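Peer 1: here is my input; please provide its structure:
(chains A and B)
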Amino acid sequence: MRVKAAIRGRTPQKERFLTGTFDMQIQPVLAALRRHRLATILIAMEIALACAVLCNACFLIASRIQMTHVDSGVDESSLATIKLTGYDEAKASDLNARVTSGLREIPGMQSVSVINEVPFGETAGNAGITLDSAGQKFAGVVDFYVAGPGNFEALGLQLISGRAPRADDFQPMKAFLPSSANVIVSRSLAEHLWPDTDPLGKEFWCGDFHFRVTGVVAHLARPSAGEGGPGTIEWSVFTPAQPGANLSGVYLLRADPAQLPRVLRDARAAIAKLAPDAVVEQQASQTIGDLRQVYFRQDRIMAGMLLGVIVALLLVTALGIVGLASFWVQQRRRQIGIRRAIGATRGDILRYFQTENFLIVTSGIALGMLLAYALNLLLMTQYELPRLPLYYLPAGALILWGLGQLAVLGPALRAAAVPPVVATRSG
Amino acid sequence: MFGYYFDLARRSLIRSPILTAMMVLAIGLGIGASMTMLTVLHVMSGDPIPEHSGQLYYPHLDARPLSSKDDKNAPDPSANLSWIDASNLLQAHRGDRQAAMAGGSVLVRPAQTSLRPFFETGHYITADFFPMFDVPFRTGGGWTQVQDEQHERVVVLNGDLARKLFGDTSATGKIVRLQDTDFRVIGVLNDWYPQPAFYGDTSGHAFGKTDEFFLPLTTAMDLKFDSNGNMSCWGSGGDQRTSGECTWLQFWVSLDGPTKVHAYQQFLEDYWRQQQAHGRFARPVDAKLYGLLAWLDHMQLVPGDVRLQLWLALGFLAVCMVNIVGLLLAKFLRRSGEVSVRRALGARRRDIFLQFGVESAVIGVAGGLLGLGIAQLGLWSVRHRPDDYAHLAQMDVSMLLGTLVLAIVASVLAGLLPAWRACRITPALQLKTQ
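Peer 2: Numbering: from 1, shown residues only, chains lettered A, B, ... in the order given. Alright, predicted model coming up:
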């Protein structure tokens, strides 16, 4: 009884603490934490930093992964490409004829067409466009797919309005584009250029080159997906043109997905006979699926590295909580024993440490949310990053609460196991 | 005294092995991650030619019209010069040496039938390039300005290409066919691959074996060889490569001493005004002369991803340090009894402080060693990335020592607050509660 009186003497709340229910424990927990101000602040700070890094790293991972899921708009699994160089430009038309007719002989080949670039391949047709012929109203840098007959069908583009290219749409090339062409744009580009209006029949210019929109496709990613910011991934223009000196050397092959690797192998082998004067660019001559893999390798590595940072961060934070909680348990063994001796159950002790951890983590999260937001603002100025969606904050909070409870469980169980007899020992 | 503290630290750390392991692991992880990224940054921002970087300068002019806007996502057009400006600066001959250059790739047609034709990247340069950068030749040498003016079909090969084409026999004097033209090999370099390849268009590939041949710029222009750097144009019409409205050439000048640098800066400003008088250079005079390292800094060779990873790693280290502060606090305060006995026996506060400082440092050394291992693992994984800088990710002696120093500094810093708290323990009170 002397013990109880002594405790009561210190603070009246302790009376309730001794027999208290969960919500009544908060007051004494706060009182105890005030006595360990420095350690409490440290743990809260660690949680805050972890919260800020966790939210932003998760957001970075999500945006990287989203980027790798870009819809190219083409039948990737059925498509491959072959790129030739080193041949005489003057004989380009002859080369086109030899290669297309020769490759079509390969069993399983569904189509061979001449194109300037393929999704996830090397960019060939990046250019700035204007919405007036005088070249004053700059409308952004877009990508021109310059494509001979057969490409529209081979790519498997999904037309959502207007019409597919007709035979007379394929105009001869003048430098890198036809001088005037009926083109098909992606929905994303149409919405950028002419928001809320029907894009069909609209015109735009690229220097002296003139274009009129005759169709819109659902999706068509540019080769260097993401160039010019994530919003411009689909700013592409499908430009029908006649193959010739300025449109040669890149061929789009289509075959059944199951046969595609074999067809591509045969095609590469056939080139040596069909075009001994040309060199196959090995890295650029792949299936579109493989090109996509290579294209996003960097992003996958970055996402993996961020994931590693998150795991290490949570691990270290948990280590800190375990370490400090163990210390507190050891320091308070006698007090725990006293509480047990005067009637507190094991559950009471367990809940005491859980409540304590919950309060510390909560204060850390409160600060951490502000920090996460500030870090996001900083990242936004440095990198092409959108604003952190707000739901990342409660999600991060849940993870940290869970982590805190898990980390403190071990030390708390050890505390609950302290026998009441400890109270009778001195020192 | 230190020996005694060291022994105390050892005993104390062994007494609570789990807590010690936690602290060592935390600091090891933090240091390992940070040192991995710091090493990557270190090798990427190193001086590619330490003996000469002090004398090398890159003139920066901006011939663009006012209407041309900066695009954050595209390479800066004003980083390069147009043919007209590069030629003018070359002919003005105001520096000790100067050279214009552009990267390019050509089809190499080997004489042996066993080798298929292949593409190789290299540089089209002017004569001063070799002496200005002090390029090491294994055999032969460069060419003269006279040869430049005569558009001679000569080429200097780098080590790898020479070996690939001619094996161990001397390549000098041999003929190599590039595109559809025969070139005479007049020199072979002693595997010269400065990292980064500072002289070229660093907005593309700046690391790795970027250049296997060097041939006269005038010859490449003659033969219409493809250049492969960034070419930005704003006018229309005419041959893009010789116009004053397309930038695609890099230009370097060597200047010995501040007076010459000042004079060259003055010359550039005069040149800008003079061009304005001719109706070019619409923008206000803003000629700059970058030193080599300042130029590399300006070009931001370190990719955004690497910088982001560095910040992440440092943030991680910060979390680890806060963690260690907490753990050390627990550890030191747990020994209040021991401290008060020592204090009662006459130890000064500063002795206690030193004792715990030594203990923090011991944790730092252990964490640093673990961090070194983790950093090597991290660098190994960086080397397996598909980036052009990946092969550079190796620790040198300075980074090795840096790792240990950083680990010790971090842990001692983390130990400061707990040690200060511990040395403020009043002996009497603690003894009484015992």
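
Peer 1: right, and chain B sits closest to which residue of chain A?
Peer 2: residue A:327 (3.3 Å; Cβ to the nearest Cβ). All C-beta spots, glycine's among them, are computed from the backbone N, C-alpha and C.

Peer 1: show me what from the stretch 51-200 of chain A comes close to chain B.
Peer 2: A:52, A:53, A:57, A:60, A:85, A:86, A:138, A:141 (Cβ under 8 Å from any Cβ of the partner chain).

Peer 1: of those residues, just the buried ones, ChimeraX syntax please.
Peer 2: In ChimeraX, this line selects whichever of these come out buried by 16 or more other Cβ atoms under 10 Å in any protein chain shown:
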select /A:52,53,57,60,85,86,141
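
Peer 1: which of the residues of the stretch 51-200 of chain A next to chain B sit farthest apart?
Peer 2: A:52 and A:86 (53.2 Å; Cβ to Cβ).

Peer 1: and the pLDDT for residue A:77?
Peer 2: If you check residue A:77, the pLDDT there is 93.

Peer 1: can you report how many residues neighbour it?
Peer 2: Other residues near residue A:77 come to 13 when the count uses other Cβ atoms under 10 Å in any protein chain shown.

Peer 1: contacting residues around it?
Peer 2: A:257, A:260, A:288, A:289 (Cβ atoms under 8 Å, 6 or more residues apart in numbering or on different chains).

Peer 1: how about residue A:266, nearest residue that isn't a chain neighbour?
Peer 2: Nearest residue to residue A:266, sequence neighbours excluded (Cβ to Cβ, 6 or more residues apart in numbering or on different chains): residue A:106, at 4.8 Å.

Peer 1: SS state for that neighbour?
Peer 2: coil (DSSP: H, G, I helix; E, B strand; the rest coil).

Peer 1: also the one 5 residues further on?
Peer 2: In three-state terms, and counting by three-state DSSP, residue A:111 is strand.

Peer 1: could you give the bridge partners of it?
Peer 2: Legend: beta-bridge partners of residue A:111 under DSSP bridges are residue A:254.

Peer 1: do I have it right that it meets residue A:150?
Peer 2: Yes: with contact defined as Cβ atoms under 8 Å, residue A:111 and residue A:150 form a contacting pair (5.5 Å).

Peer 1: before we move on, the earlier item: neighbour-wise, which of the contacts of residue A:77 leads?
Peer 2: residue A:288 (25 neighbours).

Peer 1: can you check which helix is longest in chain A?
Peer 2: Taking DSSP state H as the criterion, chain A has its longest helix at helix A:346-382.

Peer 1: remind me what that one packs against, helices and strands.
Peer 2: helix A:26-35, helix A:37-68, helix A:297-331, helix A:333-341, helix A:392-416, helix B:304-334 (3 or more Cβ pairs under 8 Å, 6 or more residues apart in numbering or on different chains; DSSP states H and E).

Peer 1: hang on, the earlier thing: state the pair within the contacts of residue A:77 that is farthest apart.
Peer 2: Of all pairs in these, the most separated under Cβ to Cβ is A:257 and A:288 at 10.8 Å.

Peer 1: out of the helices and strands packed on helix A:346-382, the one nearest residue B:263 is which?
Peer 2: Nearest of those (Cβ to Cβ): helix B:304-334, 36.4 Å.

Peer 1: pull out the buried positions in that closest one.
Peer 2: Applying 16+ other Cβ under 10 Å to helix B:304-334 flags B:305-306, B:308-313, B:315-334 as buried.

Peer 1: for the stretch 301-434 of chain B, give me the ranges with low pLDDT.
Peer 2: B:428-434 (pLDDT under 70).

Peer 1: so what's residue B:302 closest to, chain neighbours aside?
Peer 2: In space, and not counting its chain neighbours, residue B:302 is closest to residue B:44: 5.2 Å by Cβ to Cβ, 6+ apart.

Peer 1: ok so, going back, residue contacts, the residue of chain A closest to chain B?
Peer 2: A:39, B:330, B:331, B:333, B:334.

Peer 1: got it, and residue B:339?
Peer 2: B:332, B:352, B:422, B:423, B:425, B:427, B:430.

Peer 1: assumed residue A:83 was part of a strand.
Peer 2: Yes: in this structure, residue A:83 lies within a strand as judged by three-state DSSP.

Peer 1: dig out what it forms beta bridges with.
Peer 2: residue A:250.

Peer 1: list the contacts of it.
Peer 2: Residue A:83 touches A:121, A:122, A:249, A:250, A:251, A:280, A:281, A:284, A:285, counting by Cβ under 8 Å, 6+ apart.

Peer 1: which one of the residues you listed is nearest residue B:216?
Peer 2: residue A:281 (26.6 Å).

Peer 1: what is the burial count for that closest one?
Peer 2: Counted with other Cβ under 10 Å, the neighbours of residue A:281 add up to 20.

Peer 1: pLDDT wise, what is the residue lying closest to it once chain neighbours are set aside at?
Peer 2: Excluding its sequence neighbours, the residue lying closest to residue A:281 (Cβ to Cβ, 6+ apart) is residue A:83, at 4.3 Å. Residue A:83 is assigned 93 on the pLDDT scale.

Peer 1: then residue A:21?
Peer 2: On the pLDDT scale, residue A:21 is placed at 48.

Peer 1: what residues are up against the residue in the stretch 201-350 of chain B that chain A sits nearest to?
Peer 2: Minimum separation of the stretch 201-350 of chain B from chain A (Cβ to the nearest Cβ) falls at residue B:330, amounting to 3.3 Å. The neighbours of residue B:330, taking Cβ under 8 Å, 6+ apart as the test, are A:39, A:323, A:324, A:326, A:327, A:328, B:19.

Peer 1: okay if I get those as CSV plus pLDDT and distance to residue A:399?
Peer 2: Converted to CSV, these look like this (pLDDT from 0 to 100; distance: Cβ to Cβ, whole Å):
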residue, pLDDT, distance to residue A:399
A:39, 81, 23
A:323, 84, 20
A:324, 85, 19
A:326, 86, 22
A:327, 83, 24
A:328, 84, 23
B:19, 83, 25
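
Peer 1: got the residues you listed as JSON lines, with distance to residue B:215 columns?
Peer 2: Output for the contacts of residue B:330, formatted as JSON lines (distance: Cβ to Cβ, whole Å):
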{"residue": "A:39", "distance to residue B:215": "69"}
{"residue": "A:323", "distance to residue B:215": "65"}
{"residue": "A:324", "distance to residue B:215": "67"}
{"residue": "A:326", "distance to residue B:215": "70"}
{"residue": "A:327", "distance to residue B:215": "71"}
{"residue": "A:328", "distance to residue B:215": "73"}
{"residue": "B:19", "distance to residue B:215": "66"}
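
Peer 1: and the helix or strand where residue B:161 lies, how far out from the chain middle?
Peer 2: Assigned by DSSP states H and E, residue B:161 belongs to helix B:159-166. Taking Cα atoms, centre = their mean, to the nearest Å, the mean C-alpha location of helix B:159-166 is offset from the chain mean by 27 Å.

Peer 1: same thing with stretch A:98-106?
Peer 2: 40 Å.

Peer 1: re the thing from before, out of the contacts of residue B:339, which two sit at the greatest distance?
Peer 2: B:332 and B:427 (15.2 Å).

Peer 1: per-residue confidence at the residue lying closest to residue A:279 once chain neighbours are set aside?
Peer 2: Nearest non-adjacent residue to residue A:279, counting by Cβ to Cβ, 6+ apart: residue A:86, 3.9 Å away. Looking at residue A:86, its pLDDT is 79.

Peer 1: could you list the domains of the chain?
Peer 2: All of this refers to chain A. A:2-67+A:299-424, A:76-295 (automatic domain parsing).

Peer 1: wait, I meant chain B there
Peer 2: B:2-45+B:304-433, B:53-298.

Peer 1: appreciated, that's everything.
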